[in-house]
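Asker: Got a sequence here, can you model it:
(one chain, ligands or ions: 2)
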Amino acid sequence: MKVELQNLTKIFPSRNKKSGEEVVAVNDFTFTIPDGKLVGLLGPSGCGKSTTLYMISGLQKPSSGKIFFGEEDVTDLSPENRGVGLVFQNYALYPHLTVKQNILFPLQNLRGADKLAKEEMQERALEAARLVQIDELMDRKPSELSGGQQQRVAIARALVKMPRVLLLDEPLSNLDARLRLQTREEIRRIQKETGITTVFVTHDQEEAMSISDMIVVMKLGILQQIGKPQEIYDDPTNLFVAKFLGTPPINVFKGTVKDGQLYLGDAAVLDVNGVEDQDVTVGIRPEGFIPDANGKLVCKLNNVEVMGRDVSVVAEHPASLNPVVRSIINADYAIDNSAETVSYTLKPHKVFLFNSETEERIRYEVK
Ligand code: ADP
Ligand code: MG
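Answerer: Residues are numbered from 1 along each chain as shown. Ligands and ions are numbered 1, 2, ... in the order given. Alright, predicted model coming up:
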């Protein structure tokens with residue numbers, strides 16, 4: 001089921017009556033979630049991810065704009081009539097019910113034409129439980145399950161009604177690191193197996209990158225960029241997006257463009273053809289540095305951290321806007337940890353220029 005948002009906006013009245021400042025939680029979102037895909041809504045806390053999700057679910061009413069499921073305008077439909085499955089960060093299972101009863105619960109509330117026969121309910125519950133691999137645990141109570149297992153039950157409960165759209169709001173946040181990794185792979189598998197159009201909310205860029213067909217990056221209620229994870233990483237539209245994606249994060253410098261050359265401090269470090277002379281903010285991905293004794297970018301070497309296949313070189317540069325410059329280098333380059341300095345040439349497609357005021361990307365010709 002394709003989901004389409006058209007100029008979707010949500011304005012909350014001020015919580016503090018006196019100050020009267022309203023909050024534009026979601027500002028004029030227009031995008032389409034393709035049928036059968038998993039889309040990650042990504043952004044820092046407070047950027048409007050949950051609000052967007054709740055509007056898709058029907059739990060919150062948009063201030064303006066429309067939502068379509070396929071060709072159907074669902075903007076005024078109640079949550080029950082939209083056919084959505086919802087999973088939240090806290091699993092919100094009924095503690096006094098068994099796993100099976102929890103999964104059956106949404107089916108038992110179906111009325112009228114949707115009402116199911118008892119056997120069919122049992123069958124559907126078992127099918128959903130199998131899909132998330134908790135069919136062995138059907139008679140346990142939630143308190144007898146691990147966090148990961150509880151979240152699986154919550155997912156089974158969301159799937160049992162065969163929703164048209166599955167909505168997940170930070171579903172992994174309460175899990176420890178190992179379970180988080182495992183459960184996110186599970187969610188990806190389940191999504192692929194069922195082919196249900198899924199919206200996955202997270203503030204964790206790595207999680208969004210690893211699981212999504214498409215990412216929507218948001219900041220303060222404003223859409224920043226939409227695309228495949230790799231596309232956004234390789235071609236960020238502004239400094240915010242460049243900084244939000246990637247671990248270790250992108251290195252940021254103050255730079256100047258003069259006569260088609262990018263200067264960091266006094267050194268011309270890269271040809272940037274077609275860019276007018278101006279001060280710029282420069283982002284360099286950690287993998288964009290090539291150790292080179294003749295390299296123009298000379299940094300003070302702090303430390304070389306061995307990571308196995310790669311090494312991480314921690315250095316300093318006066319033009320850096322971060323305390324350190326962190327590069328990821330193939331371990332085949334022997335970097336002398338006792339040296340005073342390390343010199344680099346730069347990979348042009350890993351260096352991004354931004355307008356130093358608007359922080360919008362300035363593109364140049366990569367030769
Ligand atoms: P996220 O899920 O990305 O952390 P939210 O969608 O929860 O962000 O919130 C977006 C903005 O809207 C925040 O500034 C938040 O304080 C505000 N907000 C959310 N819900 C309400 C509400 N019910 N009343 C007033 N403001 C709200
Ligand atoms: Mg939220």
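
Asker: When you work out contacts or count neighbours from here on, use the C-alpha atoms and nothing else.
Answerer: Will do.

Asker: Pretty sure residue 276 sits in a helix.
Answerer: No. Residue 276: not assigned to a helix; according to DSSP: H, G, I helix; E, B strand; the rest coil it is coil.

Asker: Need the three-state assignment for residue 44.
Answerer: Of the three states, residue 44 takes coil according to three-state DSSP.

Asker: pLDDT below threshold where in the stretch 51-200 of the chain?
Answerer: Applying pLDDT under 70 to the stretch 51-200 of the chain flags no residue at all.

Asker: mind listing the helices in the stretch 1-150 of the chain by residue range?
Answerer: Using DSSP state H, counting those that start in this stretch, the helices found in the stretch 1-150 of the chain span residues 49-57, 99-108, 118-131, 147-159.

Asker: Can you lay out these as CSV showing mean neighbour count?
Answerer: Output for the helices of the stretch 1-150 of the chain, formatted as CSV (neighbours: other C-alpha atoms under 10 Å):
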stretch, mean neighbour count
helix 49-57, 23
helix 99-108, 21
helix 118-131, 17
helix 147-159, 25
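
Asker: Can you check which of the ones you listed gets nearest to ligand 1?
Answerer: helix 49-57 (3.6 Å; C-alpha to the nearest ligand atom).

Asker: same for the closest one, what does it pack against?
Answerer: For helix 49-57, the packing partners by 3 or more C-alpha pairs under 8 Å, 6 or more residues apart in numbering; DSSP states H and E come out as strand 23-33, strand 165-169, strand 197-202.

Asker: switch the cut-off to 10 Å
Answerer: Under the contact definition 3 or more C-alpha pairs under 10 Å, 6 or more residues apart in numbering; DSSP states H and E, helix 49-57 sits against strand 3-12, strand 23-33, strand 38-42, strand 64-69, strand 84-87, strand 165-169, strand 197-202, strand 214-219.

Asker: Now these in JSON lines, please, with extra columns for distance to residue 228.
Answerer: Converted to JSON lines, those look like this (distance: least, C-alpha to C-alpha, whole Å):
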{"stretch": "strand 3-12", "distance to residue 228": "17"}
{"stretch": "strand 23-33", "distance to residue 228": "12"}
{"stretch": "strand 38-42", "distance to residue 228": "9"}
{"stretch": "strand 64-69", "distance to residue 228": "22"}
{"stretch": "strand 84-87", "distance to residue 228": "24"}
{"stretch": "strand 165-169", "distance to residue 228": "19"}
{"stretch": "strand 197-202", "distance to residue 228": "14"}
{"stretch": "strand 214-219", "distance to residue 228": "4"}
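
Asker: Point out the most buried one among these.
Answerer: Stretch with highest mean neighbour count among the helices and strands packed on helix 49-57: strand 38-42 (a mean of 27; mean count of other C-alpha atoms under 10 Å).

Asker: could I get the helices of the stretch 1-150 of the chain as CSV with distance to ligand 1?
Answerer: Shown next, in CSV, are these (distance: least, C-alpha to the nearest ligand atom, whole Å):
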stretch, distance to ligand 1
helix 49-57, 4
helix 99-108, 25
helix 118-131, 27
helix 147-159, 19
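
Asker: Kind regards, and thank you for your time.
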